[in-house]
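Novice: Sequence plus the predicted model coming up.
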Amino acid sequence: MTIMTTPGDVSLSTKSLAGKSAIITGSTSGIGLGIAKSLAQAGVNVMLNGFGDAAEIEKTRCDLERDYGIKAAYSGADMTKPDDIVAMIAAADAKFGKVDVLINNAGIQHVEAIETFPVAKWDAIIAINLSAAFHAIRAVVPQMKQRNWGRIINVASAHALVASPYKSAYVAAKHGILGLTKTVALETAEHGITVNAICPGYVLTPLVQKQIPETAKARNLTEEQVVRDVLLHAQPTRKFVTTEEIGALAVFLCTGGGASITGAALPIEGGWTAQ
Ligand code: NAD
């Protein structure tokens, strides 16, 4: 007897993503680069964005095209500049014909007590970690609505759910992006668009490496104490989250399996916020 097998539902598999296009802000490093690689592996064309050494960025772009057989582009748009953000989306449209997936990931951090927290740092953190997502979402939603399909993922943080001292601007921006996520999810729910926030715990990227000495100073600790007693102390797994784990979650949200997940804050933080 021949047993007939039926192909699985392609919309639930990453195969359904082949040929789609994504913009990942802040993807020259860390979590954004991890998400870009995961999407590229699933066959998604990617537009990279962020700062860094031009030759290194070009190498990353070429490696993605070669390793995954997709189209990769780069925009140097500065996320503090709304006009740059709109131009980045227009450039992705010109290169790929559309933007199906928007990952708002670019972010910076500054760790200092509120009394001396530099005003310029507050302004920059709110601009990059929060307002940039507003400008990008505002610019891509019309075309996503037109095609009745879209995925918007805001890389928030465990700090969108709970606070830590000395991170006033960051925690405010991350709590803010959760509000933006929920609001746009409601506005787009009937248009095949999902809008979610991924809330990572500590990932050992340049952003975290930089805050180890700053936290040591703010809390009068050694750097080793900061890693053990502050960073990993927050996470019951006592392990850093990896960029690959976050990339895998982003890809899942883009598949059909994620179609009914919208307006959600998805913790990926080793149990931090369960405490
Ligand atoms: P990272 O420093 O490795 O990468 C940040 C990226 O943003 C880089 O590509 C950088 O060039 C880009 N960027 C910074 N300013 C920019 C600007 N003005 N315009 C365009 N691009 C700009 O940091 P990361 O740890 O990968 O952080 C990425 C995101 O993840 C941030 O939103 C951060 O808040 C969030 N996050 C990080 C952690 C962590 O532990 N690393 C935890 C939770 C959330």
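Specialist: Yes, it's here. Numbers count the residues shown, from 1 in each chain.
Novice: And whichever helix or strand Gln209 is part of, what's buried?
Specialist: If you go by DSSP states H and E, Gln209 is part of helix 206-219. Using 16 or more other C-beta atoms under 10 Å as the test for burial, helix 206-219 gives 207-208, 211-212, 215-216, 218. C-beta: built from backbone N, CA, C; applies to glycine.
Novice: And Ala158, how far from the ligand?
Specialist: 6 Å (C-beta to the nearest ligand atom, to the nearest Å).
Novice: so that residue sits right up against Ala274, yeah?
Specialist: No: Ala158 lies out of contact with Ala274 (C-beta atoms under 8 Å); the separation is 10.6 Å.
Novice: re the thing from before, which of the buried residues of helix 206-219 lies closest to the ligand?
Specialist: Leu207 (3.2 Å; C-beta to the nearest ligand atom).
Novice: what sits against the closest one?
Specialist: 30, 107-109 (C-beta atoms under 8 Å, 6 or more residues apart in numbering).
Novice: which residues in the stretch 1-150 of the chain form helices?
Specialist: Ranges of helices in the stretch 1-150 of the chain, per DSSP state H, counting those that start in this stretch, are 30-41, 54-68, 82-96, 119-126, 132-147.
Novice: who touches Ala248 in this structure?
Specialist: Ser38 are the contacts of Ala248 under C-beta under 8 Å, 6+ apart.
Novice: and what of Thr237?
Specialist: Thr237 neighbours (C-beta under 8 Å, 6+ apart): 270-271.
Novice: Using the three-state scheme, assign it.
Specialist: coil (DSSP: H, G, I helix; E, B strand; the rest coil).
Novice: where does Gly179 sit relative to Ala136, distance-wise?
Specialist: 16 Å (C-beta to C-beta, to the nearest Å).
Novice: all strands in the stretch 151-275 of the chain, in order from the N-terminus.
Specialist: 193-200, 265-268 (DSSP state E, counting those that start in this stretch).
Novice: Of all these, which one is nearest Leu64?
Specialist: Distance to Leu64, taken as C-beta to C-beta, is lowest for strand 193-200 among the strands of the stretch 151-275 of the chain, at 20.7 Å.
Novice: Can you name the residues that contact Cys254?
Specialist: Here Cys254 is in contact with 17, 20, 39, 42, 44, 101, 151, 153 (C-beta under 8 Å, 6+ apart).
Novice: what about the closest residue to Gly258 other than its chain neighbours, neighbour count?
Specialist: In space, and not counting its chain neighbours, Gly258 is closest to Phe252: 5.7 Å by C-beta to C-beta, 6 or more residues apart in numbering. Using other C-beta atoms under 10 Å as the criterion, Phe252 is surrounded by 16 other residues.
Novice: what do you get for Arg66?
Specialist: Arg66, neighbours per other C-beta under 10 Å, totals 10.
Novice: Quick check: the gap between the closest residue to Met79 other than its chain neighbours and the ligand.
Specialist: When the adjacent residues along the chain are set aside, Met79 lies closest to Ala132, with 3.8 Å between them (C-beta to C-beta, 6+ apart). As judged by C-beta to the nearest ligand atom, Ala132 and the ligand stand 7 Å apart.
Novice: confidence score at the one residue in the stretch 101-250 of the chain that gets nearest to the ligand?
Specialist: Relative to the ligand, the nearest point of the stretch 101-250 of the chain is Gly107 (2.3 Å; C-beta to the nearest ligand atom). On the pLDDT scale, Gly107 is placed at 98.
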